[in-house]
Structure formats: C-alpha cells, structure tokens
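A.B. asks: Provided below for reference: sequence and predicted model.
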Amino acid sequence: MGSGTWKHELVKQLLLSHEAEVIGGIPLSANPQEDKQIWALTTTSLFSVRSAYWIAMEGMSNGGSTTVSNDGSQRKCWKYLWSINLPHKVRHFAWRACRDILPTKENLKRRKVLVDSCCEACHLEAESSGHLFWHCSSAKEVWRATKLFSGLMNSPFSSFMDLMWYVIMVAKWGNEEVEKILMIAWVMWMNRNKARHGGEKKSSEALFDFALEYLREYQLCCELPAVAQTKEYPKWHPPPMKHGKKIVASLGAVETEAKAFEFGLQFARDMLIHDFVLEGDSLVVVNALKETSPPPALVAVLSNVRSLAHGFRNVKFSHIGRQGNRPAHLLAKHAYGIADFSVWIEEDHCFLEEALLHNVFVAFS
C-alpha cells in the first residue's frame with residue numbers, strides 16, 4: 001500500500017468479491033501511516049474478552065452465526081433457508097452446514113474424536129465445510145458439472161455459510177438455483193458418508209443427475225392438488241395390529257387388477273409374510289374373491305389367487321377407492337416408467353413422502 005492506493009487484485013484474491021468491493025471503497029489517508037489492528041467494538045479500539053463475550057451471546061440468542069453481516073440480515077437468511085421448497089431433511093442439513101456443526105473431519109478432530117483431519121478425497125487440506133463443499137477438487141468437479149457458478153469458481157469462500165451468504169444475500173439468486181445448490185450439497189454429503197463406510201463413490205455427473213431427479217420428484221409431489229374441503233374422501237386406515245403387513249395391488253383394468261392380486265400374493269410368499277391385508281381399487285375383483293362364482297373373465301386368475309391364499313396363515317382382501325389411497329395411485333403411475341422389478345422395504349421413496357403425510361390416517365391409542 002506504499003503507493004497510497006489499494007492493491008485491488010490482491011484484495012480480490014484474498015477476500016470475497018462483495019468484501020473486496022467494500023474495502024476498495026474505503027478512502028486512504030494522503031499521509032502514509034503504519035498499519036495497526038483495531039477492535040471496533042470498544043471505545044479504546046483494543047480487544048477485550050468482555051466485548052467478545054457479548055458478541056457471542058448476541059449471536060446465539062439470534063440463532064445465527066456471528067461471522068457474517070448484521071443480525072437482521074442473518075435472521076432474513078435463516079428464514080429464507082427454512083422456507084424454500086426442499087425436503088425437511090435437506091433444509092436441516094443446510095442449517096447444520098451453515099452453522100458448521102456437521103461432523104466434518106476438522107470438527108471431529110476439534111472434539112478429539114479423530115487425530116487426522118485431512119480430506120480423504122484430495123489429501124491436500126483439512127476437511128472443513130468450506131473445503132468439503134467448495135475448495136476440494138471433488139467439489140469443484142461437481143459444481144463445474146452444474147454450470148451454476150460460471151465465473152465464480154475461484155471465489156475464496158472459506159465456509160459453507162460464506163457460499164450461501166453470497167448466493168442468497170449478496171447475489172440474490174432465485175429460489176430455483178438455491179434449491180439446486182442445497183440439494184446438490186446434500187447429495188455430496190450423503191455420498192461422502194457412504195464412501196467413507198465402504199460404499200461407492202459416484203462421479204460428479206452421477207451426483208448432479210441424482211440431485212436434480214430427487215428435487216424434481218419431490219417438487220412434483222408437492223404440486224399435487226389439494227383435496228377440496230367440501231368433498232370428503234375416504235381415508236386409508238392401517239390393518240389391525242395382528243396383521244403386520246399391507247400389500248397394495250396395482251391399478252388398472254379388471255383383469256389386470258386381478259392379476260395384480262396374484263402377483264401380490266406371490267410377493268408376500270417370497271418375502272415370508274404370513275399375515276396381511278391385500279388391497280385394490282377394483283370393487284368387482286374384491287367382491288369376486290369373496291364369492292364362489294366370479295365373472296367368467298376372472299375365473300382362471302381368481303382361482304389361482306384363492307389357491308395361493310390358502311398357503312398363508314391369515315389373508316384378507318379389501319377394497320379402497322382410488323381417492324382413498326393416493327400413495328397407491330402414485331406408485332402405480334410411477335411403475336409405468338420402471339422396466340425392472342423394484343422393492344422398497346422399511347422406507348418410502350421420495351415422491352411418496354408428501355402423499356403419505358397428507359393421505360394416510362393412523363390412529364394412536
């Protein structure tokens with residue numbers, strides 16, 4: 001700074017772009033003076049533990065980090081993060097990442113859990129949130145694949161909070177871009193955890209594609225039209241406690257529905273399920289299963305269904321209208337695009353989460 005002007009290129013290299021812009025606007029004295037450190041929170045310009053303590057307590061009471069901007073802006077940022085259209089687990093991840101409380105290797109070393117904090121992907125730096133989601137070569141590959149940060153790849157974001165602060169509060173990107181960034185970061189974190197425990201480390205393109213597909217399916221589910229308040233549709237109720245499982249038959253024409261019951265029984269047999277309720281939305285098929293003389297077109301299939309049913313301890317056939325079981329309807333539509341046999345056990349696919357929350361009624365005693 002001997003020339004009496006800022007070294008703008010050096011400032012831009014060391015600081016974030018918006019910080020460099022603010023610093024560059026600070027006028028310099030015409031009379032060169034020796035540089036010195038000043039603590040702006042005391043009248044003496046000297047650091048005190050007391051002032052630092054009050055700053056820390058104020059930040060904690062506002063539920064935000066004390067490292068960026070003022071408290072009002074922090075509250076605005078947090079409110080925005082919690083309101084975007086993402087699954088709750090992704091928003092919770094974003095909050096933890098911004099607060100720097102994810103179990104990164106650097107945080108685990110700080111808590112005496114690990115001895116080594118070196119990043120396992122590049123082996124160049126400590127695995128902090130800033131390194132993991134921005135500076136690491138693996139992270140750079142993912143962001144390049146997204147093309148979201150064109151012209152910003154060399155920005156010195158030191159933490160995940162710095163990255164999100166720039167995107168939300170400084171550049172003011174739209175919801176669609178912010179949602180993509182957080183979903184991609186969450187997928188990166190999940191893949192990092194799987195790889196650490198012996199799982200497959202996916203390519204940057206695979207991570208990007210999976211994140212966009214997951215986001216698309218979730219938001220499509222959220223766009224389902226709300227059921228009009230004036231019309232009451234039946235709610236699905238779980239089977240009695242003695243029946244441990246429920247198998248949903250696919251939707252379709254009558255013959256297809258009957259065949260779906262047959263496949264449902266075969267699946268239950270393969271999974272060693274002995275007590276269950278088999279549901280479908282075809283009243284014709286359900287009634288035919290309860291009668292001794294089904295319609296001629298269904299005789300062959302229903303005869304096989306009854307034969308299979310005798311091999312179980314307790315099987316009941318039940319009818320529920322399509323509007324009464326929205327998740328089953330969505331599942332049937334999803335099946336049109338699946339070529340292979342797919343099974344989910346003890347978990348729900350993302351596109352079913354919202355439908356299950358709004359459609360399934362479970363009574364607790």
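C.D. replies: Cool, the structure landed. None of the values given here were measured: they were computed from a predicted structure.
A.B. asks: hey, let's count contacts and neighbours off CA atoms from now on
C.D. replies: OK.
A.B. asks: now this protein, which segments are flagged as low pLDDT?
C.D. replies: The chain contains residues with pLDDT under 70 at 1-4, 18, 28-33, 43, 57-71, 224-253, 292-298, 322-325, 335-365.
A.B. asks: same thing but at 90, please
C.D. replies: Residue ranges of the chain with pLDDT under 90: 1-78, 99, 107, 110-114, 150-159, 162, 169-171, 196-201, 217-365.
A.B. asks: which stretches of it form strands?
C.D. replies: 245-248, 275-280, 314-319 (DSSP state E).
A.B. asks: Which of the ones you listed sits closest to residue 205?
C.D. replies: Across these, residue 205 has its closest neighbour in strand 245-248 (35.0 Å, CA to CA).
A.B. asks: list the buried ones in stretch 264-281?
C.D. replies: Using 16 or more other CA atoms under 10 Å as the burial criterion, the residues of stretch 264-281 that qualify are 264-265, 268, 273-281.
A.B. asks: so how far is residue 135 from residue 158?
C.D. replies: Using CA to CA, to the nearest Å, residue 158 is found at 8 Å from residue 135.
A.B. asks: who has more neighbours, these two?
C.D. replies: Neighbour count, other CA atoms under 10 Å: between residue 158 and residue 135, residue 135 has more, with 21 against 17.
A.B. asks: Neighbours of the nearest residue to residue 73 once chain neighbours are set aside, how many?
C.D. replies: In this structure, residue 73 finds its nearest non-sequential neighbour in residue 169, 7.8 Å apart by CA to CA, 6 or more residues apart in numbering. For residue 169, the number of neighbouring residues by other CA under 10 Å comes to 15.
A.B. asks: can I assume residue 169 is in contact with residue 79?
C.D. replies: No. Counting by CA atoms under 8 Å, residue 169 does not reach residue 79; the two are 11.9 Å apart.
A.B. asks: which residues in the stretch 251-365 of the chain form helices?
C.D. replies: 254-270, 283-290, 299-309, 326-335, 350-359 (DSSP state H, counting those that start in this stretch).
A.B. asks: orientation of the longest one relative to helix 299-309 in degrees?
C.D. replies: Using axes from the mean of the first three to the mean of the last three CA atoms, to 10 degrees, one finds that helix 254-270 and helix 299-309 are set 20 degrees apart in direction.
A.B. asks: what sits against the residue nearest the centre of the chain?
C.D. replies: By CA atoms, centre = their mean, the chain has its centre lying nearest to residue 90, at 3.3 Å. Residue 90 makes contacts with 182-183, 186, as judged by CA atoms under 8 Å, 6 or more residues apart in numbering.
A.B. asks: do that again at 10 Å, thanks
C.D. replies: Counting by CA atoms under 10 Å, 6 or more residues apart in numbering, residue 90 makes contact with 82, 96, 179, 182-187.
A.B. asks: would you turn those into JSON lines with distance to residue 110?
C.D. replies: Output for those, formatted as JSON lines (distance: CA to CA, whole Å):
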{"residue": "82", "distance to residue 110": "28"}
{"residue": "96", "distance to residue 110": "17"}
{"residue": "179", "distance to residue 110": "31"}
{"residue": "182", "distance to residue 110": "26"}
{"residue": "183", "distance to residue 110": "27"}
{"residue": "184", "distance to residue 110": "27"}
{"residue": "185", "distance to residue 110": "23"}
{"residue": "186", "distance to residue 110": "23"}
{"residue": "187", "distance to residue 110": "25"}
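A.B. asks: Produce a PyMOL select command limited to the buried residues of these.
C.D. replies: Buried residues within the contacts of residue 90, by 16+ other CA under 10 Å, are selected in PyMOL with:
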select buried, resi 179+182+183+184+185+186+187
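A.B. asks: which one among the contacts of residue 90 gets closest to residue 305?
C.D. replies: residue 187 (42.8 Å).
A.B. asks: so the closest one makes contact with residue 207?
C.D. replies: Yes. Counting by CA atoms under 10 Å, residue 187 touches residue 207, with 6.5 Å between them.
A.B. asks: Show me this protein divided up by domain.
C.D. replies: For the chain, automatic domain parsing gives the domain ranges 8-61, 71-222, 245-359.
A.B. asks: which residues sit against stretch 94-103?
C.D. replies: Contacts for stretch 94-103 (CA under 10 Å, 6+ apart): 63-66, 78, 81-82, 88-93, 104, 107-109, 111, 113, 127-130, 133, 159-165, 182-183, 185-186, 189.
A.B. asks: swap the cut-off to 6 Å and go again
C.D. replies: Residues external to stretch 94-103 that are found in contact with it (CA atoms under 6 Å, 6 or more residues apart in numbering): 160-161.
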